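Chemist: Give me coordinates for this.
(2 chains)
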Amino acid sequence: MMEMESSKTVPAGVSVQGAKVQGVSVRLSKVTRTYGDVRALSELDLAASPGEFVVMLGPSGCGKTTALRALAGLEQIDSGAVYIGGKDVSRLPASKRSIGMVFQSYSLFPNMTSAANVEFGLKVRGFSSAERRKQAHEMLEMVGLIEQADRFPHQMSGGQQQRVALARALAIKPEVLLLDEPLSALDAKVRANLREQIKQLQREVGITTFFVTHDQEEALSLADRVAVMNNGNLEQFGTPTEVYSSPETDFVASFVGTVNVFYGTVLDDKVAIVPNVGNFTYVRRTGTPAPGDRAEILVRPEAITVKGDLEGEYLVSDVTFLGSNVRIRVQKEGSTFTIIQGSSDIDIVAPGSRASLDAKGSAILVRSKL
Amino acid sequence: MASVIGVPAKSSGVGGSNVLRVGKVFRAVVLGAVGLFFIVPVISSARFSFTGSSAGFSFSAYSKLLSDPQFWSTLFLSVKIGVGTVTLSLAILIPTTVWVHWKAPKIRRVMEALSLLPLVIPSVVITLGVITSFGSLPNIIMGTPVILALEYVVLALPYTYRTLDSGVQALDIKTLVEAGQSLGAPFRKILWWVLLPNLKSGVLGVVVLAFAFCLGEFAVASLLSFTTFAVYLVQIGQTQASEAIAFSLIALLFTWIPLSIVTVVFSRRAGKKSRRGGGVLMSSQSVTELVELSE
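Modeler: As a prediction, this is how the structure comes out:
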């Protein structure tokens, strides 16, 4: 009825001149925050370039939301500093920082229409009524909700409410946009559409953006750089490709995407071998076992292929059709391995049959056998 | 294939309608009995106030009462105390409940328990405590209606705090405040522009309950030697039966008329708002519930 996300994208050519802002640099410097005995943030260092889209990714309780709230000024920090545009804002309250924020729960003011919600920040800043109305309409047009200007929050779908919240956050032309799991309460289709819109808007507006999520797909598809967090620490900060293909820590390797752990041998500085599967190229880093040593070789599901083999070492336990892909699970000596192949390969093996694996890509990490 | 989902069995449908009919009848009987229980004494009182001990119909009790200057002075005193109590209650309770929900949700249970204390401590004890503890206060508080208003703020807490607390609980205070802050609004603007409009029903509840409490409270006012509306009603009742009954009915009107106005006004606004898309205002049903509670 009111769900219109599927057909809505940011209209090309819509003027965003009112919202065009110059992105600024943002830096969290050795930020620490503890709750009793729990260290939510442990000397966190994180810096974003002007106009960059940073996604903070991690499991629940890793400190990503605390870091975002510290950046917003909604959370006191015990030590360290927060810089926005090179200025230390650590002691400034949230209302004095130039930030726009979209929350996980629908945060629209229930007593106001969409337009009034968008106008709120402008009203606080003393804009005239006519100017407020003009800018609110521009912002609602930008998020494709101009027809909903007179609607109250409870008359709109979750996706629409979050788009209004986005328009409201951008209307004040903040220096930094913060999004705290804004899509987590939405259904999959709306989430995917809104994700695209957020990305497109961020590109057009050019605002430095921090986005918190625990959804890997969301993180990898949105970010210029992904900050993977765990236990209050930054595990890795890099492009989605770097984080996915070259994880720097065991945690990143296991948390981002699916990973298969094979036992094999380091052949030389570039190649590790898994018996009866093949050779995987890898990048050497500190702690990588020496050539000739036994090692755990971590491989993504796309870096191996499966084929039916009556003499094969692996037993096919599951074949799942995923649309464009097919996920095949095989087992050997109690360990399960996952392989992703094109859906045209759905009939290549059947559950209960024997199979063998072949290497076809790189290992993301080679480490000492645990 | 014929669908069986959503097609109720014939027998259960008949049984269901019978149950519904019995339920309706039972509801009507209960409502009728309760209605009679309330309305019969009011009608009898009204009849008595117009006839008194004589058989003829007369307005004498009312005219006597309305021409009594003490009637008006006690009413004015109670209204003054009521306005003071309502103002103080709102000034204390709104920031407190918002703060508790926003910053310290863990102490909600403690606050609830504290707010119920006036129900378990007899008002006589509280009054004696006030007299002995605050006897040395300056004359602008002790010995003036201010002390009564202060005491009523505490005594009305079980009703006022819980009413406002339910209203605040229905909102996601933390997110609303933080959203306002992120948009650059100081707390007072968030309170005025966002929280209060969404707390209208709770605030209205506090106003109604605190005011009704002040109009009807006898024990504390009597112990502190104030002749309030309720105290004067008791005094008259000891010597003039018809006037006392007329007094009670007028007191009822003083409560019902403003509450009915509030009910009608808010029902209309709520209706308009929901047609336009609002809906955060108090519904007529909840106002009616409050009216019933306050009586």
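
Chemist: CA atoms for contacts and neighbours, from now on please.
Modeler: Noted.

Chemist: ok, how many other residues are close to A:Phe251?
Modeler: 15 (other C-alpha atoms under 10 Å in any protein chain shown).

Chemist: now it: how far from A:Gln236?
Modeler: As for A:Phe251, its distance to A:Gln236 is 9 Å (criterion: C-alpha to C-alpha, to the nearest Å).

Chemist: Would you point out which residue is most central in the chain?
Modeler: By default, I'm working from chain A. Central residue of chain A (C-alpha atoms, centre = their mean): A:Ala219, 1.7 Å from the mean position.

Chemist: please go with chain B instead
Modeler: Short answer for chain B (C-alpha atoms, centre = their mean): B:Leu209, at 2.1 Å.

Chemist: Which neighbouring elements make contact with the helix or strand harbouring that one?
Modeler: Using DSSP states H and E, B:Leu209 sits within helix B:200-216. Where contact means 3 or more C-alpha pairs under 8 Å, 6 or more residues apart in numbering or on different chains; DSSP states H and E, helix B:200-216 is packed against helix B:69-103, helix B:145-155, helix B:157-169, helix B:229-237, helix B:284-294.

Chemist: now the angle from it to helix B:69-103?
Modeler: 150 degrees (axes from the mean of the first three to the mean of the last three C-alpha atoms, to 10 degrees).

Chemist: okay, the angle between helix B:200-216 and helix B:157-169?
Modeler: Using the same axes, to 10 degrees: helix B:200-216 against helix B:157-169 is 170 degrees.

Chemist: Using neighbour counts, pick out the buried residues of the helix or strand just after helix B:200-216.
Modeler: Counting by DSSP H and E, the next helix or strand C-terminal to helix B:200-216 is helix B:219-223. Using 16 or more other C-alpha atoms under 10 Å in any protein chain shown as the test for burial, helix B:219-223 gives B:Val220, B:Ala221.

Chemist: helix, strand or coil for whatever residue of chain B ends up closest to chain A?
Modeler: When scored by C-alpha to the nearest C-alpha, chain B has B:Gly184 as its residue closest to chain A, at 3.9 Å. State at B:Gly184, reduced to three classes by DSSP: H, G, I helix; E, B strand; the rest coil: coil.

Chemist: quick one: secondary structure of the spatially closest residue to it that is not a sequence neighbour?
Modeler: Of all residues not flanking B:Gly184 in the chain, A:Ser95 sits nearest, at 3.9 Å (C-alpha to C-alpha, 6 or more residues apart in numbering or on different chains). Per three-state DSSP, the local secondary structure of A:Ser95 is helix.

Chemist: Roughly how far does A:Ser95 sit from A:Val24?
Modeler: Relative to A:Val24, and taking C-alpha to C-alpha, A:Ser95 is found at 18 Å.

Chemist: and what of B:Leu36?
Modeler: 72 Å.

Chemist: okay, now the domains of the chain?
Modeler: As the question left the chain open, I've gone with chain A. A:5-250, A:258-368 (automatic domain parsing).

Chemist: I was thinking of chain B, sorry if that wasn't clear
Modeler: B:12-58, B:61-294.

Chemist: Redo the ones you listed as JSON lines? Include mean pLDDT.
Modeler: Converted to JSON lines, these look like this (pLDDT from 0 to 100):
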{"stretch": "domain B:12-58", "mean pLDDT": "83"}
{"stretch": "domain B:61-294", "mean pLDDT": "82"}
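
Chemist: Of those domains, which is nearest A:Lys332?
Modeler: domain B:61-294 (49.6 Å; C-alpha to C-alpha).

Chemist: Run the chain-centre distance for that closest one.
Modeler: Distance, stretch centre to chain centre, for domain B:61-294: 6 Å (C-alpha atoms, centre = their mean, to the nearest Å).

Chemist: what does stretch A:349-366 give?
Modeler: 28 Å.

Chemist: Dump the C-alpha coordinates for that stretch into CSV.
Modeler: C-alpha atoms of stretch A:349-366 as CSV (Å, rounded to 0.1, in the frame of the first residue of the first chain):
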residue,chain,number,x,y,z
VAL,A,349,26.8,-33.3,-7.4
ALA,A,350,24.0,-34.6,-5.3
PRO,A,351,23.7,-34.9,-1.6
GLY,A,352,25.2,-38.2,-0.4
SER,A,353,27.5,-38.6,-3.3
ARG,A,354,31.3,-38.5,-3.3
ALA,A,355,33.2,-35.6,-4.6
SER,A,356,36.7,-34.0,-4.9
LEU,A,357,37.8,-30.4,-4.7
ASP,A,358,40.1,-28.3,-6.9
ALA,A,359,41.9,-25.1,-6.1
LYS,A,360,41.1,-22.2,-8.4
GLY,A,361,42.1,-19.1,-6.5
SER,A,362,44.0,-17.6,-3.6
ALA,A,363,44.1,-18.3,0.1
ILE,A,364,43.1,-15.4,2.2
LEU,A,365,45.3,-16.3,5.0
VAL,A,366,48.0,-18.9,5.8
